[in-house]
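I'd like to go over a predicted model; first the sequence, then the structure.
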Amino acid sequence: MKLDYSNKVMDHFENPRNQGTIENADGIGEEGNPQCGDIMKIYIRVLDNRISDVKFQTFGCGAAIASSSMATELIKGKTLEEAWELSNKAVVSALEGLPPQKVHCSVLAEDAIHKAINDYRVKQGLIPWEEKAGKEPHHH
Amino acid sequence: MKLDYSNKVMDHFENPRNQGTIENADGIGEEGNPQCGDIMKIYIRVLDNRISDVKFQTFGCGAAIASSSMATELIKGKTLEEAWELSNKAVVSALEGLPPQKVHCSVLAEDAIHKAINDYRVKQGLIPWEEKAGKEPHHH
Amino acid sequence: MEDNKRIVYMDNAATTPLRPEVVDAMIPFMTENFGNPSSLYDIAKISREAVAKARSRVAAAIGAQDKEIYFTSGGTESDNWAIKGVCFANCDKGMHIITSSIEHHAVSYTCEWLEKQGFEVTYLPVDKYGMISPEDVKSSIRDDTILITVMFANNEIGTIEPIAEIGKIAREKGIIFHTDAVQAVGHVPIDVEEMNIDMLSLSGHKFNGPKGTGALYIGKRVKLDPLMHGGDQERKRRAGTENVPGIVGLALALELSVAELKESSERLTGLRNRLTEGLLKIPKSHLNGHPENRLPNNVNVTFEYIEGESILLMLNRKGIAASTGSACNSSSLEPSHVLTACGIPAEIVHGSLRLTIGEMTTDEDVDYVLKVVPEIVQKLRNMSPLTPDELRT
Amino acid sequence: MEDNKRIVYMDNAATTPLRPEVVDAMIPFMTENFGNPSSLYDIAKISREAVAKARSRVAAAIGAQDKEIYFTSGGTESDNWAIKGVCFANCDKGMHIITSSIEHHAVSYTCEWLEKQGFEVTYLPVDKYGMISPEDVKSSIRDDTILITVMFANNEIGTIEPIAEIGKIAREKGIIFHTDAVQAVGHVPIDVEEMNIDMLSLSGHKFNGPKGTGALYIGKRVKLDPLMHGGDQERKRRAGTENVPGIVGLALALELSVAELKESSERLTGLRNRLTEGLLKIPKSHLNGHPENRLPNNVNVTFEYIEGESILLMLNRKGIAASTGSACNSSSLEPSHVLTACGIPAEIVHGSLRLTIGEMTTDEDVDYVLKVVPEIVQKLRNMSPLTPDELRT
Ligand SMILES: Cc1ncc(COP(=O)(O)O)c(C=O)c1O
Ligand SMILES: Cc1ncc(COP(=O)(O)O)c(C=O)c1O
C-alpha cells in the first residue's frame, strides 16, 4: 500500500466537506459498486440552474473520500453547465495530485456528479446530457 | 578457502621438522606433480634396517607441508617394516585431523615414503614391496 | 500526524522491530569483524565461526541438523528457491505441483511462473476458516507429482494448517513436502522431523530479527538446483558472500523467540482473544480465519459497509499501525485472494482489518485499540451509502 | 596469531569494511525506523522515503534513472537475475548467450546451468592480460543471440574490459548487454548511458557498504522475468520485504565512493604501483592481469616454485590478509580458471598472490608487505623441491 497522499488529500479525507445526504434532493447520482471497493453517492439541490447545495456519501478508500469532498466543494454554487464541465483532472489537481492507481477515484466523482445532474434533468423532463467521447473511463 | 587447521597442523607448518635434503641419501621418493599444486620429496638414511635420518622438501599447501613434517617425525628411528606400515590415517590423526579436502596430502606423504623405501630396496638389490590392495588412492 | 500521540504497532505480520540484544550482536560484524567467511585469515575465521554458530541455532530451533540449514536473503528467496530448485532438479520425474489457494505470493506467483515453463499446478481450495484438507492433498497426488508446498500458517488470517498430517501423506507417497513457515517460525512450535517436513522457509524480520535475511531448511533426501549460482558458499548450494551480521542477527532472534515461545504465546493469545472479543462487539463484524487454530498474534476482522484503507488511514491518525486485505491494499485493486478463497463475499471483503500483535504489545495498547476502532468504524459507516439506517448515529 | 602484531588487510576484492558513517546511517533503520516500506502508516513512510532516496543515489552514481535501479541481496543475485531473467523472458527470440571465459562464477555457473536448460553459450577467450576482444564479441553474434554478458573488471587479476566498445556493438545489433560490475562500481567511473550498458550488477560490500546488499540496473528497453516472485516490491520486479538498513547503507557507501573516486583512485594507483614494483623485484615473479588497464586496487603476482595457500598462511601469521588463485583456494583443487584462461602454465599457476588494497591501506602497510613477502617467498622456496639451487639461501 505504497500511498503517499498529499496534505490536501489527507485534509479532505479527515475533514470531509459536504458529507451527508439531502432530503428530497433534486438530483441523486451513484457510481461504483461494492465488489470493486468504492461507491460514491452525490445529492444535489438546484436553485435557478445553480447547485445551491451538494452532499456526498462514500464507501471507499482515502482517495475516494477526498475526491468526493473536493468534487462537491468545486461544484457548489456553480451552474449546472459549469458543474458538468468539472473533469476528474480538475479534482486531481485541486487535491494536489493522486497516486496513479487512485486516479480512478476522481473519475468516480466526475461520473457520480454527471449522474446526479442528469437525474435532475430527467426529473425536470429534460433530455439528459451526453458524456463526452474519449472521456477517461472509470476502470473496474 | 574454508580451512580451519588444527593447532598441530599449524605448528608443523610453521616449524617444519626434518625439512631439507640428505646428501647421498640411501633412498629418495617423490610424489605429486606441480600441475596439481603439490609435490613431496622424501630423503632417507638407513642404518641397520632403521631410518636413522629423514628429510623432506615440499611444494604445496599448509596441509602438505605439515603432513611431510609429521610423517617424517613418525618414521624417524623406525625399522623399514614399521615405516612402511605408516598409514595416511596415522598421519592425519597425529596432526589432530585435516579438513576433508586436504586428506589427500597425507596420502601423498605415505606414498612418498613408500617410494623412498623401495628406492632404497632396489638400490640394495632387493625386490620392492608392493602397495596393499584397497589403499586409499592419492587423487589428482 | 497528531503530536504526542500514543503509537501502537499492530502490524507484526508485516515486519517486527529488531530486539535490542540482536542489534548489539550484529554491530561487531558491521564494524571490526568484517572478514569474508570464505577466506583463510584470522578475521575471516571469526565470521566463519559466527556463521557456523548461527546455523546451529537455527537448526536447533526447528529440530533440524546444522548441515540442513541454508541462509538466504529472506522468506521470498527461500520460497522461490525451494520450489524452483525442486522443480528444475526433478522435472525428469514429473512436472506436477500441489499447493493451496491461500499461499503467499512468494509461493503462488512462483507456481504461476512455473506453469509458464510447462509445469502443472493444483491449487487446493480451503474451507471458510482457510483450512486446507489433508484429504484433498491426498486425492490430488498423481504419479507425476514432485512437490507439495503448503504454508504453515497464513499471513492474513492466521490460520494454522494441518502440516503434520500433510507431511505424513507426502512422506508415505515419497513426495517432497515444502512449507512456507515464514509466519509460524518463532511463534508456534515446529519440529521438521516429527512433522515430516522436507523443506521449510523462514524469514528473519518476522520474529524480531533483521530484514533481508532468511533460511531454507533442506532435508537430506531433497535434490534441488541452486537459485543463486556462483561461489562455493553454503556448501555450494547458495552462492553469494554471506551477510554475516544478518545471519548472526537472524539466528539469535530465532533462538530467543523459541526460548520464550511458550510464555509469549500464552500472553499473546490472551491479548489476541481480548482484542477479538472486543472488536466483535461492533455490529456486523466477522472474524476471518480459524477461531482456534490460529497464530497467537493474529486478529483479522471484517466490518461491513466500510473499506479497509480508509480504516487504516484513520487508525494511523490515531497512532495505530495495522493492515488490511482490501482492494486498495495493492495497486491492482484486487481484493485479497485469501479472503476470497475463504468465501468472504466480494461486497464485504473490502472492509477487513488485520491487527497483528507482538512482543511490544501491552494491555493498554489493546484497551486503546478497542476504544479507537469502534469510533472509526462508526465514523466511516456514517459516511457510507451502504450503511443501513439503524447503524447510523 | 602473534600478539600485538600489525594487521594489514589487503583483501578488499573479497570484502571491505563498512565505513563508520554508513554504519551510523543504517542503525536508525535497525532500531526505531523499522517499518515495512510497503505499508501505509507513518513509520512505514520513513522507510519508504529512505529507500527512494537510496535509489536516487545509486542511479546518480552510474548515470541511470531512479526507476532503472532495483535492489537485490548482492552481486550474485544481480548476476543470476539479469542472466536468467533475460533468458527466460526472451527465449522465444533465441537461446544464444555470449560471455567470457574469465567471468565470476556467479555469471559462469549461471550460464552453465542455462546450458542444461537448452541455452547455448559462447565463452570468449582472453589474451594473456585477461582482455576480451570486442572483435571476438562481434564475430560471435548470431541471429539467435539474446544476451551478451561481460564483466566490467575481473575480480582476480583486476583487468578492466573494453565495456564501452562491447556496449556499442551490442546496441548496434540490438542485443541486450549486461555487465557484472561488482569489482568496478565505486572504483572506476561508470556511465551506463555513455557506455551503452543495458544491465549492470553491483554489490554493496565491495565499496565499503554492507554485505547481503546489491542492485541491478535494468535499462528501460530490457524485458526480463523476475528471479524472486512474490510481493509487489521494487515495482513488482523483485519481491521480498526490502532490507531497508542494507539499502540505505549501500546507497550512502556508493555515493561516498563515487564522490571520492578521483582522489582515492589516484592514491590507490600510487600504492598499487609501488607494491607491484616491489614484489616484482623478487626473482621469478610475474604480474598477472593487464599492466595498465587494471583496477587501482589490484595487484596479482605469481611466484614460481611455491604454492599460494602456504603463502597466505604465512602472511596471516604476519597479520597480512590476502588471497590466492591457487588450487588450494577451493575444495575442488582446481587452479583458478581466470589465470588458466590467461595462459599461465599449470606448473606455476598455483603460486599466485592477490593483494587488493583499499581505503584503509597506508604507505606503511605497503612497506610492511614489501618487507614480509620476500622473506616468506624465500622461506617457502627453500622448502620446495622445485626451486633451482641458485635461488636457495
Ligand atoms: C507467509 C509468507 N511467506 C513469505 C513472505 C515473504 O517474506 P519476505 O518478505 O521476508 O521475503 C511473507 C512475508 O512477507 C509471508 O508472510
Ligand atoms: C566480479 C564479481 N561478481 C560477482 C560477485 C558476487 O558478489 P556477492 O558475493 O556480493 O554476491 C563477486 C564477489 O564475490 C565478484 O567479484
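Yep, it's here. Residues are numbered from 1 along each chain as shown, chains lettered A, B, ... in the order given. Ligands and ions are numbered 1, 2, ... in the order given.

ok, is the biggest helix by length in chain A in contact with chain D or not?
In chain A, taking DSSP state H as the definition, the longest helix is helix A:103-123. No: using CB under 8 Å from any CB of the partner chain, helix A:103-123 stays clear of chain D, coming no nearer than 15.6 Å. (Each C-beta comes from the backbone N, C-alpha and C, glycine too.)

Once you drop chain neighbours, what's closest to the most centrally placed residue in chain A?
The residue lying closest to the centre of chain A (CA atoms, centre = their mean) is residue A:109, at 2.7 Å. Nearest residue to residue A:109 in three dimensions, chain neighbours excluded: residue A:71, at 3.8 Å (CB to CB, 6 or more residues apart in numbering or on different chains).

Whatever helix or strand residue C:369 lives in - contacts with which helices or strands?
Using DSSP states H and E, residue C:369 maps to helix C:363-383. Using 3 or more CB pairs under 8 Å, 6 or more residues apart in numbering or on different chains; DSSP states H and E, the elements in contact with helix C:363-383 are strand A:50-59, strand C:8-9, helix C:261-280, helix C:308-317, strand C:320-321.

Mean neighbour count for these - can I get that in TSV?
Output for the helices and strands packed on helix C:363-383, formatted as TSV (neighbours: other CB atoms under 10 Å in any protein chain shown):
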stretch	mean neighbour count
strand A:50-59	22
strand C:8-9	23
helix C:261-280	16
helix C:308-317	25
strand C:320-321	24
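
For my notes, please list the ones you listed in CSV and give mean pLDDT and distance to residue B:84 for each entry.
Formatted as CSV, those follow (pLDDT from 0 to 100; distance: least, CB to CB, whole Å):
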stretch, mean pLDDT, distance to residue B:84
strand A:50-59, 97, 92
strand C:8-9, 97, 73
helix C:261-280, 98, 60
helix C:308-317, 94, 81
strand C:320-321, 96, 76
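
Quick check: buried residues in the helix holding residue C:369?
C:365-366, C:368-370, C:372-374, C:376-381, C:383 (16 or more other CB atoms under 10 Å in any protein chain shown).

avg pLDDT for that helix?
For helix C:363-383, the mean pLDDT works out to 98.

Please enumerate residues in contact with that helix?
For helix C:363-383, the surrounding residues in contact (CB atoms under 8 Å, 6 or more residues apart in numbering or on different chains) are A:16, A:19, A:57-59, A:65, C:6, C:8, C:10, C:271, C:274-275, C:278-279, C:281-282, C:285, C:303, C:305-307, C:310-311, C:314-315, C:318, C:320, C:353, C:355, C:357, C:387, C:391-393.

Hmm, residue A:106 and the residue nearest to residue A:109 touching each other?
Yes: contact status for residue A:71 versus residue A:106: in contact at 7.5 Å, counting by CB atoms under 8 Å.

Comparing these two, which shows the higher neighbour count?
residue A:71 (31 against 28; other CB atoms under 10 Å in any protein chain shown).

what about that one, which helix or strand?
helix A:62-75.

After that helix, which helix or strand is next?
helix A:80-85.

Could you look up the next helix or strand downstream of that next one?
helix A:88-94.

List the buried residues in that next one.
A:88, A:91-92, A:94.

need the helices for chain C, in chain order.
C:20-30, C:42-62, C:75-90, C:105-116, C:134-140, C:163-173, C:233-236, C:244-259, C:261-280, C:308-317, C:337-341, C:346-349, C:363-383.

near ligand 2, which residues of the stretch 101-250 of chain C show up?
Within reach of ligand 2 by CB under 6 Å from any ligand atom, the stretch 101-250 of chain C has these residues: C:230, C:240-241.

Can you redo the residues you listed as CSV, where the extra columns are pLDDT?
Shown next, in CSV, are those (pLDDT from 0 to 100):
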residue, pLDDT
C:230, 96
C:240, 97
C:241, 97
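
can you pick the most crowded of those?
Comparing these by number of neighbours (other CB under 10 Å), residue C:240 comes first, having 28 neighbours.

Point out where the chain drops to low pLDDT.
I went with chain A, as the question did not name one. Scanning chain A for pLDDT under 70 picks out the ranges A:1-3, A:133-140.

nope, chain C
Applying pLDDT under 70 to chain C flags the ranges C:1-4, C:326-333.

90 instead, please
Applying pLDDT under 90 to chain C flags residues C:1-6, C:40, C:324-335, C:346-348.

Chain B contacts on that one?
C:37-40, C:45, C:48, C:232.

out of those residues, which is most surrounded?
residue C:40 (27 neighbours).

Wait, it touches residue D:312, no?
Yes: using CB under 8 Å, residue C:40 is in contact with residue D:312, at 5.3 Å.

ok, now which ones touch residue 56?
Just so you know, I chose chain A. Taking CB under 8 Å, 6+ apart, we find residue A:56 in contact with A:16, A:18-20, A:40-43, A:68-69, A:71-72, A:112.

Chain C, not that one
Listed by CB under 8 Å, 6+ apart, the contact set of residue C:56 reads residue C:66.

Could you report the distance from it to residue C:69?
Noted for residue C:56: a distance of 8 Å to residue C:69, by CB to CB, to the nearest Å.

Repeat that for residue C:195.
Note on residue C:195: its distance to residue C:69, by CB to CB, is 16 Å.

For the buried residues of helix A:88-94, please prepare TSV with the additional fields distance to chain D.
Converted to TSV, these look like this (distance: CB to the nearest CB, whole Å):
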residue	distance to chain D
A:88	23
A:91	22
A:92	20
A:94	23
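
Can you tell me which of the residues you listed lies closest to residue D:133?
Ranked by distance to residue D:133 (CB to CB), the buried residues of helix A:88-94 are led by residue A:92 at 54.8 Å.

Tell me who's in contact with the residue nearest to residue C:173 when sequence neighbours are not counted.
Of all residues not flanking residue C:173 in the chain, residue C:141 sits nearest, at 5.5 Å (CB to CB, 6+ apart). Contacts of residue C:141 were listed using CB under 8 Å, 6+ apart, and they are C:98, C:148, C:169, C:173, C:175.

what does residue C:177 give?
Contacts of residue C:177 (CB under 8 Å, 6+ apart): C:147-150, C:166-167, C:170-171, C:196-199.

In CSV: these, plus neighbour count and distance to residue C:128.
Putting the contacts of residue C:177 into CSV (neighbours: other CB atoms under 10 Å in any protein chain shown; distance: CB to CB, whole Å) gives the following:
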residue, neighbour count, distance to residue C:128
C:147, 29, 27
C:148, 26, 23
C:149, 26, 23
C:150, 24, 18
C:166, 27, 19
C:167, 23, 24
C:170, 25, 25
C:171, 16, 29
C:196, 19, 27
C:197, 27, 26
C:198, 25, 30
C:199, 28, 29
